[in-house]
Structure formats: structure tokens, C-alpha cells
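>>> Prediction below, plus the sequence it came from.
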Amino acid sequence: MNKMIFRIAIRILAIASIALSFNAVFTKFIWPEELAKDGPELQKLVKINDSCDVLYFGESSNISYDPVKDTITTSISGLIAELLPNRKLGDITHQAYHAGIYLPLIKRIPTNGKVKTVIVTLNLRTLDQACINSGLETALQKQTLYYANQPPVWIHLRAALNDYDNISEHERDHKMWKQWTDNKLEVKGIKFPYPTIKTWCEAVKFPLADGSEDMSKRTLADHYVKAYAFVIDENNPRVKDLDEIVKVCKAKNIKVMFNILAENTEYADSLVGQSLVQLIRYNRDYLVKRYKAKGAIVIDNLEVVKGKDYTDQNWTTEHYNYKGRKAIADNVAQKLLMNN
Amino acid sequence: MLFNSLPFFIFLPLVVLIYYLLPYRVRWIFLLAAGYIFYGFLQPQFLVLLLLSTCVDFYFALKISESQNKSFKKAYLMFSLCFNIGLLFVFKYLSLFLKDIDPMMANIYRAENPIKGMVMNAIYFSIPVGISFYTFQSLSYTFDVYYGRQKAETSLPRYAAFVAYFPPLVAGPIERFHHLSSQIFADHKPLYKNFANGFRLMLLGFFLKMCIADNAGNYTDLIFNKPEDYSSSSVLVGMVMFGIQIYADFSGYSLIAQGASIWLGIQLVDNFRTPYLSSSVTQFWKRWHISLTTWFKDYLYIPLGGNKVGMPRWVVNILLVFLVSGFWHGANYTFIAWGAIHGLTYLAEHFTKPYINISDSKNKLILFLGGIKTFVIVTIAWVFFRANNFEYAMQIFKSVLKPLGTQTLEITNYVWLVMGVFVLFDVVLYNKRIDSFLESKKWGTRWLVYLILIGCILMFAGTVKHPFVYFQF
């Protein structure tokens, strides 16, 4: 028996050595191409680490613009950089990224490196069920695997073994609907007309004079309810990610600023009503209070962009025209100056 | 639990360790628990189905065995048969009819009628993994008791240990009670030889699944999702890729199951023997999914009269077996077409055998040409197997003959490399198992093989998720 255990142990060691050797080969010849495909922002981060002192983490809101009216298409981070010529600002911008994806990237910023401040885009909608259970999430979760600080061959193996949150779109839909159906909307001081998102959506109607319904308005209102009618608490997975970001930044001695993006509260009010706006403000206040208490700097841009300055008038997005982007950039730059 | 997942890499060694630490009399109880944990990891909501199937077949087999009256015996067998086919119908075929339902619909049902909604959700969101495998495994036992080939098991937990034995639970090989149960209850010593052979089988299995099937799957998806965009040669390559994917995927799974089982001292039956190197479709079916083929032979073909009937009846029997085999995969005309192509080719080969006997030829060129012919027929049949419907299958063929698109499939160098390794292994292992093949080789050869397979898995395994193709069956 002992002899057998010894023989097996020797072979396990031999296989481990083989794996180590393959890690070296893999890292040199295959990894760069794979990383560019599956973890696209890491190589950019490595470059920024060596050259910038402020790092802006953004999603599509950073680079969106009005294709018809905008003569200046500079991104929010670009506008901030223009306002602060003495600071070196780099950005990591990727569509649909959120705190859960920024976190592993922030973990890869070296301690005592050049980067001293990170600005993390905080999009309120990324904390809702539609975003948490989005169909894009599987692909994003796979990217987080590639941002982990582990031997490349091990990351490749984990990806091959689907060792990330890879549940199907159907399952995510199912989870989202369950939350919309079961989660009760309860906040002290706010009276909600309906107890759940589902019942709220069913009740929002726009009758026309001829007895039919304005379906385009109803669809948009339905989307506003689904996007904003939720109550943030510490069990929200994104809140856990944000908490972790604060912790990681503290450990790395990096200043963290949360940039709460503007949401179209004007349309939320006109389409759904004040109770939805109250809820949006409640959620904003929750985040401001929580992260100020944890030592982060919170920039509140929730209502700095007017309804007409959103480029998507028929959907809930944080895509702004130049005026909107500039308003946000001004606020961020000012906070950066104040906290220099 | 999936074989190609990290939890399995913890689960298996742990099970093996505890298994050998336990006194052999209670090991089967541990295996029973492990089987339920293994299945529960995947779909806990369907554990009850596994238990129900086990209890029903156990009960009716016992009744068959106790009954002296032939009509009663037959009635009990029919009950068992109807129950199992009913299960398959509700949880497999019904869901295929309902697959186009919008997930929102399930929620609407849920609001109107919670019970209906729950059933709809369960049906829509997940088909019980491996239901065709464990119901067939369980049914074979009832049949064997009915035909007097097997004494009925009197202990339900012992019977449950046979049904829930985890390595072949969700995708076979489909085991028989007499073969598996005797091993489950035997006293196995931990032997180095078993660990080495199990490792070899699993290593090749993981290579086939992760490097070959998962990489081939990327190309297959591209072509089968939008054949109209690709050139004729690309669609052809996509068709071949699916043939490779399904073989590597399924045989890989079977090898992992066999290897894991050998670590517990239990041998499973072989499920594949280099089928693509067959020189005829008849031979292909002796080497492809062997456990299902022998199941149909023993429990459908022979009860129908086998070859002891007149020619017209025999032809009908053969066609019936192939059509049922197609239907076993799913309630879709495409599977019936797949079965029909194989059945008709099988018959054609039988009737032309006096004039063209490729399989028994000693001429290597003829054997080679026979192999090409078999591969072409099998690949054409796979198109029906893979396509969502008949029109789609036709679209694939149209795209080969009269292509609408010009895009070409770009196959990366490393995929060519692993495909080359795959072909090399298939040829070298012609009609042999890797464990017995390597056992007779010197250590240098063995470690060269390990080096190649480990290297390929670590560096070239596909990273796009492709579930085991046969999990849906």
C-alpha cells in the first residue's frame, strides 16, 4: 500500500512539473493572443499602470454621443483629461462593464504604482435585476476569469472547464422574472402604488381617445419600472462588489471615487410618476451614504443631465450628448481637484 | 456534476478515497449516496424522478418474479414499460414540442396557475439530464427479470445503487444489472494498475472532450447557425467537424466514465471502438454507441424475431430498430431521417454483400475506400441529427451544392494540430483501448503519450462552453 502511494505521489509530482513547463510555453506563445480576445482590457491596464496617475473605469456612457448633433465626440474621460492637463488620466472603457468586472481589474493595479486615484463609473441600473441577470453576464464573467492574477495555463484550464458563472440565458431570465414577481417594494417613507415590479408594470397604461393604447409609451414606461423599481440593500451583488473595491483600493493606498451617473428622472416622472423618482433618489442616497462612510469619494451626478440631453429618447440608457457628458466631466474634474 | 468541471476533480478523488477507507460491506451504500450527490449537483429538482424510476422498476420486477401467471407477468412488464416511456414522453418529448415557448409564457402560466406554471417552468428550463440513459438501464433489468435471465433484486437500496451508480449515470454506457451489480457489491482492493488505467482512459477522454469536441464545436456552430453565409467547402468542413465533435464528445464522456469507474475497481462496458475506421455502416454500428446498439438488439430486435423470421419481416424489423433508435434521441423528424438513412444503408449493404463484400475484404485499398464511403454516409446522416428541422438540413445540403455565401471557415493552426493528434490516436488505437495499449508499452512511450495529451489539454482546450451533446438525450 505504501509503495503504491509513493508511486502515485511521484507521478503526481511529475505531472505537476509537466504542467509548470507547459505554463511557460503557453505564456510565451499562446497567452497574448488569447488574452487579447478573452480579457481585452488587461493589456491596456498594464500600459496605463506605467503611465497614468488617474484611472477612469467606464462603460458605454463614457463614449456615447449624439451622432447627428454632436460636433464634439470626446468621451467623458477625455473631457476630464482636457480639464485637468496636469494630471495623467487613462481609461478602461468597455460596453456593459460594471462593478463586478471592474473589481478584478482594480485588483491587478500594482500597489505603490503610478495610479493613485481610480474613478469608478456607478451606473444605478447595473444594480437592477435586468442587469444582474443580463444575457451578457456569462461573457462578462468569463472575462473576469482572464483578469485574475493566476498562472495563464491555469486560467485557460479554468475557462475550458467553464469555471465561472456560466448559467444559460434561460436560467437568467427565469431568475430575473422570479425577482420581479416575488420581490416586495418596501421603503420607509415611500408609498408605492404597487407591491412588485410585475404588478406595477401590469398597471401602467396609456389609454388613447379611440379606446386603444399608446403602446410605445407603455413599453417605455414598462422599461423604466423594470430598470429603476428596486431597493438597494447590502445583499445586492453589486453592492458587495463595490464594498470590495473600496477595500482593495484602501489596501493598495489608492483613492477611489464613485461617479454616480445621471439617470433620466424627468422621463421617469412623466411616464411613471413621482414614486419611481423617489425610489431612484432613495437608492442614490443609500449609495452616497454607504460609500462616504467607507471613506470613498462619491460624485453625485444623478440629476445633472436634462431629459432632452439623453441620446436614447426611447429607452433607458446613460448615453448623453456633449452637453450631458460635459456636465458630468465638469463635476468629476472638480471633485478630483478638490481631493488632490 | 459535469465531468469537465472543477468540482468533479475534487469529487472523484474524494469518493475514491472514502470508498477504499470504508469496509467493503458498506461501500455500495456510499456509492448510492455519491450517485445522488453527483446527480443532485446538476439538477436537484429531478432527483425525485431518478428515485421514482428506481422504485417503479424495482417494484414491477419483483412482481414479475413473484407472479406465477404469465399474463400477470406480461402486465407488470407493460406497466414498467409504460411508466418509463411515459417519463420519457413527458420530460423529453413534450419539452421538444414546447421548446419554442417564450420563457415569458411560463411566467404567465405561473401567475394564473401556480402548479401549471411550475410544471411549465420545469419543462421549459431543463430537461432531466440522462433520463434516456437511466430509464433504459433500469428497463433492461425489468426485461431481464421478465425473460428469466435475471433474478429479481429483493432490496430496494441495493437496486438503487445499480441505477444511481454515478460514472455512467447521465450519458452511459448503458449498463446491465448482472454486469454492474456484481461489481458494485464485490470487495475491491486499491490497485496501482487500476489507478494507472483509469488515469489513461480519463486523460484520453478529457483530451477528446476538451480539445477536439469543444474546438470542433466552435466551427460546427458557425456553419449550422448560418450555412447560407459560407462557401461550399466551408459547409463541407462544418459537416465533417460535427461528425468529429459528436464522436469526440460522446466517446470522451464514455472514456471518462470508464476511467472513473476503474478507480473504484468497477469495469464498465466499452461504448466505442474507433467507429470512423469502419469499412461499412454495418460495421460502424458494431463500434458506435455499443451499449445502446446491444440494448436495442436484446430488447427490441430479438423479441421482434431477430433473424429467425422471413425476409420481409426481417427488413421491417431492421428498419424499425433504426427508426426507434432515431426516435430515442428525440421527437423530431430529423432523428427519424437519421435512423432511416442508417437503416436503409444497413439493408443495402446486407443485400449487396454477395456481390460487394467490403468488410471481409483483405485488400487494404478496398477497406480504405469502404471507410471513405462509410464516413461520407455517416456525415450526411449527422446533418439531420444536428439540424433543428428538416428544412434546415436541406439548407445545409443546398449550401454545399449551390452556395449562397462566400465566407470561409478559418481554422487556426493549433486546431489543425490537435485534429492531427486526434486522427493519429484513432488510427494507432484501431480497435484497442488506450489503457491496455499503453500497459504493454515501455515507460518512455507511455510518458510521451501523457506529455502530448496533457500538453494539448492545458494549452489547446476549447474555452467556449459546449455542453456534452448527449446530455440532451
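Nice, thanks for sending it over.
>>> who's in contact with residue 254?
In the absence of a named chain, this looks at chain A. A:106, A:109, A:115, A:116, A:117, A:118 (Cβ atoms under 8 Å, 6 or more residues apart in numbering or on different chains). Just so you know, the C-beta spots here come from the backbone N, C-alpha and C atoms, and that holds for glycine as well.
>>> try again with chain B
Contacts of residue B:254 by Cβ under 8 Å, 6+ apart are B:171, B:172, B:173, B:205, B:268, B:270, B:271, B:272.
>>> what do you get if the cut-off is 6 Å, keeping everything else the same?
Contact analysis of residue B:254 by Cβ atoms under 6 Å, 6 or more residues apart in numbering or on different chains lists B:173, B:271.
>>> likewise the one 4 residues further on?
Residue B:258 sits next to B:201, B:268 when contact means Cβ under 6 Å, 6+ apart.
>>> secondary structure class for it?
Three-state call for residue B:258 (DSSP: H, G, I helix; E, B strand; the rest coil): helix.
>>> any idea how far it lies from chain A?
Residue B:258 is 19 Å from chain A, where distance means Cβ to the nearest Cβ, to the nearest Å.
>>> Which part of the stretch 201-350 of chain B gets nearest to chain A, residue-wise?
residue B:210 (5.3 Å; Cβ to the nearest Cβ).
>>> quick one, phi psi at that residue?
Backbone dihedrals for residue B:210, given as degrees, to the nearest 10, come out at phi -80, psi -40.
>>> what number of residues lie near it?
Residues within reach of residue B:210, counting by other Cβ atoms under 10 Å in any protein chain shown, total 26.
>>> Just confirm residue B:285 is within a strand.
No - applying three-state DSSP, one finds residue B:285 to be helix, outside a strand.
>>> Residue numbers of the stretch 201-350 of chain B in contact with chain A?
residue B:210 (Cβ under 6 Å from any Cβ of the partner chain).
>>> Which parts of the stretch 201-350 of chain B are helices?
Secondary structure of the stretch 201-350 of chain B (DSSP state H, counting those that start in this stretch): helices located at B:214-225, B:232-263, B:281-287, B:290-296, B:311-329, B:333-352.
>>> Dump the ones you listed to a markdown table, plus mean pLDDT.
Formatted as a markdown table, the helices of the stretch 201-350 of chain B follow (pLDDT from 0 to 100):
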| stretch | mean pLDDT |
| --- | --- |
| helix B:214-225 | 94 |
| helix B:232-263 | 96 |
| helix B:281-287 | 95 |
| helix B:290-296 | 95 |
| helix B:311-329 | 93 |
| helix B:333-352 | 94 |
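>>> Among these, which comes closest to residue B:76?
Closest to residue B:76 of those is helix B:290-296 (Cβ to Cβ; 20.2 Å).
>>> hey, C-alpha coordinates of the closest one in CSV?
Provided in CSV are the C-alpha atoms of helix B:290-296 (Å, rounded to 0.1, in the frame of the first residue of the first chain):
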residue,chain,number,x,y,z
ILE,B,290,-22.2,-0.1,-28.5
SER,B,291,-24.2,-0.2,-25.3
LEU,B,292,-27.3,1.3,-26.9
THR,B,293,-27.0,-0.9,-30.0
THR,B,294,-26.8,-4.1,-27.9
TRP,B,295,-29.7,-2.8,-25.9
PHE,B,296,-31.9,-2.5,-29.0
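>>> For residue B:21, find the nearest of the helices of the stretch 201-350 of chain B.
For the helices of the stretch 201-350 of chain B, proximity to residue B:21 was assessed by Cβ to Cβ; helix B:232-263 is nearest, at 13.9 Å.
>>> What is the burial count for the nearest residue to residue A:184 once chain neighbours are set aside?
Once flanking residues are discounted, residue A:184 sits nearest to residue A:195: 5.5 Å by Cβ to Cβ, 6 or more residues apart in numbering or on different chains. Other residues near residue A:195 come to 12 when the count uses other Cβ under 10 Å.
>>> Quickly find the element holding residue A:195.
Using DSSP states H and E, residue A:195 is not contained in any helix or strand.
>>> what's it sitting at in phi/psi?
phi -80, psi -30.
>>> okay, which residue is most central for chain A?
The centroid of chain A falls nearest to residue A:98 when counting by Cα atoms, centre = their mean (1.3 Å).
>>> Not counting its neighbours along the chain, what's nearest it?
That would be residue A:126: by Cβ to Cβ, 6+ apart, it lies 3.9 Å from residue A:98.
>>> Could you export the helices of the stretch 201-350 of chain B to TSV, including columns for distance to residue B:15?
Formatted as TSV, the helices of the stretch 201-350 of chain B follow (distance: least, Cβ to Cβ, whole Å):
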stretch	distance to residue B:15
helix B:214-225	25
helix B:232-263	9
helix B:281-287	31
helix B:290-296	23
helix B:311-329	30
helix B:333-352	35
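>>> Mind giving me the packing neighbours of the lengthiest helix in chain A?
Determined from DSSP state H, the single longest helix within chain A is helix A:2-29. Using 3 or more Cβ pairs under 6 Å, 6 or more residues apart in numbering or on different chains; DSSP states H and E, the elements in contact with helix A:2-29 are helix A:152-160, helix B:443-460.
>>> quick one: what helix or strand has residue B:462 in it?
Using DSSP H and E, residue B:462 falls outside every helix and strand.
>>> Now for it, how many residues are close by?
By other Cβ under 10 Å, neighbour count at residue B:462 equals 20.
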